[in-house]
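*Asks:* What shape does this take:
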Amino acid sequence: MEQAAELTGLAAEPRQAEAWIQRLQHSLRLEAEGGYADLQGRTSRFSDFLNGALCAAPAALDPIRQQLLALSRAYGIYGDTPPLQRRQLVVRTRQLLHRELQRLRPAAAPGPPRLTMAASASSVTAVAASNTPASGSSARTARQACGVAAARLQPSTPLADVHGMGSRLAGRLARLGLLTAGDLIRYYPRDYVDYSRLQRIEALEPGTTATVVATVRRCHSFTSRRNSNLTVMEIQLQDPTGRLKVTRFFVGKRFGSTKWQMAQCRLFPVGATVAASGLVKRSRYGLSLLDPVLEALDQPGQPLQSGQIGRVLAVYPLAAGIGADTLRKAVATVLPCLQRCADPLPPALR
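*Replies:* Numbers count the residues shown, from 1 in each chain. Next up, the predicted model:
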């Protein structure tokens with residue numbers, strides 16, 4: 001019981017010191033506002049109050065007790081001190097007490113980063129229109145055309161007839177046995193990748209997937225010495241809690257061009273804010289994100305354009321010539337025809 005009481009007293013000491021500092025800071029502020037005239041309070045003058053209070057500082061302020069005693073002696077002759085020296089003494093006291101108050105109040109750990117997501121990909125018109133870049137009135141026309149196509153979709157609609165797919169993509173999907181919109185809807189994911197966990201660099205754990213928002217400290221792109229077909233881009237990121245290396249790989253001769261590599265580095269200039277999602281790995285150089293999804297943000301709070309960063313992504317069985325991104329977009333394109341699919345669950349279980 002005695003030990004518990006002692007621990008409680010130790011925990012209370014910083015709080016008592018904070019209250020003591022705040023009381024003195026209030027008196028110092030009033031003196032400054034009063035023109036350093038050694039104001040008369042209800043029971044004593046400002047200088048007498050400071051002289052006595054600084055001699056009786058709480059135990060939590062023992063590290064600066066000698067400085068406080070020196071200040072106390074200076075306030076003992078405050079009445080005979082010229083105005084300029086009074087001002088300097090008050091400023092010096094306020095600065096010392098402010099530093100101690102910051103020491104007594106441990107800095108709160110920064111919270112997770114924040115991201116503003118763009119419009120949901122469930123809006124089929126937006127997803128389909130993104131497959132065909134357009135601008136101005138042509139973009140509006142494309143979105144309207146996509147909307148009409150989506151409204152007419154049926155589960156039995158051949159994929160080659162779905163607006164935004166085309167015969168080439170339909171041919172690739174046919175290798176997976178996907179011939180109609182209904183087939184694609186029932187092509188269920190085999191897994192999910194969770195990029196929705198927004199974390200600070202300090203909180204990252206190897207083997208997990210996460211999204212970080214950090215500042216570019218360095219960006220470097222080069223061709224591997226061991227494999228001339230492999231180009232590596234390394235980005236050093238930093239947030240308030242630490243640093244992280246991000247590595248992306250590009251396979252192909254065209255990526256070995258110096259012009260292309262410089263263009264990639266210009267996308268992530270030093271000082272730019274970047275959102276990165278990927279698998280956290282530990283190497284001999286520390287934590288890294290291996291081959292992540294990246295997007296540079298022009299300004300804080302800007303909505304993400306990526307449909308992957310900060311989201312939960314479906315992972316589908318693939319075939320040659322079909323990328324994961326392509327398949328996800330194809331599924332999103334045919335989602336409207338779910339409205340015409342009968343719910344297999346009986347009403348009592350819905």
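*Asks:* So which residues of the chain form helices?
*Replies:* With helices called from DSSP state H, the chain shows them at 2-33, 46-55, 65-76, 83-104, 124-130, 136-151, 166-174, 181-185, 258-267, 324-334.
*Asks:* mean pLDDT lowest for which of these?
*Replies:* If you rank the helices of the chain by mean pLDDT, helix 124-130 sits at the bottom with a mean of 37.
*Asks:* Pick out the residue nearest the middle of the protein.
*Replies:* Pro113 (2.7 Å; CA atoms, centre = their mean).
*Asks:* List the contacts of that residue.
*Replies:* Leu198, Gln199, Arg200, Thr211, Val212, Val213, Ala214, Asp239 (CB atoms under 8 Å, 6 or more residues apart in numbering). From N, CA and C alone the C-beta is placed, and that goes for glycine too.
*Asks:* if we can go back for a sec, so which of the helices of the chain is nearest Gly310?
*Replies:* Gly310 sits nearest to helix 324-334 of all the helices of the chain, at 14.9 Å, using CB to CB.
*Asks:* can I get the CA coordinates of the closest one in CSV?
*Replies:* Extracted in CSV, the C-alpha atoms of helix 324-334 (Å, rounded to 0.1, in the frame of the first residue of the first chain):
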residue,chain,number,x,y,z
ALA,A,324,-4.7,-8.0,-62.1
ASP,A,325,-5.7,-4.3,-62.7
THR,A,326,-7.3,-5.2,-66.1
LEU,A,327,-9.4,-7.9,-64.5
ARG,A,328,-10.5,-5.7,-61.6
LYS,A,329,-11.7,-3.0,-64.1
ALA,A,330,-13.5,-5.5,-66.2
VAL,A,331,-15.4,-6.8,-63.2
ALA,A,332,-16.3,-3.2,-62.1
THR,A,333,-17.6,-2.5,-65.7
VAL,A,334,-20.2,-5.3,-65.6
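*Asks:* so how many other residues sit close to Pro206?
*Replies:* Using other CB atoms under 10 Å, the number of residues around Pro206 comes to 11.
*Asks:* Pull up the gap between it and Leu287, please.
*Replies:* Remark: distance between Pro206 and Leu287 (CB to CB, to the nearest Å) = 7 Å.
*Asks:* So which elements touch the longest strand along the chain?
*Replies:* If you go by DSSP state E, the chain has its longest strand at strand 209-223. Where contact means 3 or more CB pairs under 8 Å, 6 or more residues apart in numbering; DSSP states H and E, strand 209-223 is packed against strand 230-239, strand 242-251, helix 258-267, strand 273-283, strand 286-297.
*Asks:* one more time with 7 Å
*Replies:* strand 230-239, helix 258-267, strand 273-283 (3 or more CB pairs under 7 Å, 6 or more residues apart in numbering; DSSP states H and E).
*Asks:* Which one, of the ones you listed, ends up nearest to Gln154?
*Replies:* For the helices and strands packed on strand 209-223, proximity to Gln154 was assessed by CB to CB; strand 273-283 is nearest, at 35.1 Å.
*Asks:* list the buried ones in the closest one?
*Replies:* Thr273, Val274, Ala275, Ala276, Ser277, Gly278, Leu279, Val280 (16 or more other CB atoms under 10 Å).
*Asks:* Would you give the sheet partners of it, along with the direction of each?
*Replies:* According to DSSP bridges, strand 273-283 forms sheet pairs with strand 209-223 (antiparallel), strand 286-297 (antiparallel).
*Asks:* Switch those over to a markdown table; also include mean neighbour count and distance to Pro269.
*Replies:* Listed next are the strands paired with strand 273-283 as a markdown table, based on neighbours: other CB atoms under 10 Å; distance: least, CB to CB, whole Å:
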| stretch | mean neighbour count | distance to Pro269 |
| --- | --- | --- |
| strand 209-223 | 19 | 7 |
| strand 286-297 | 18 | 8 |
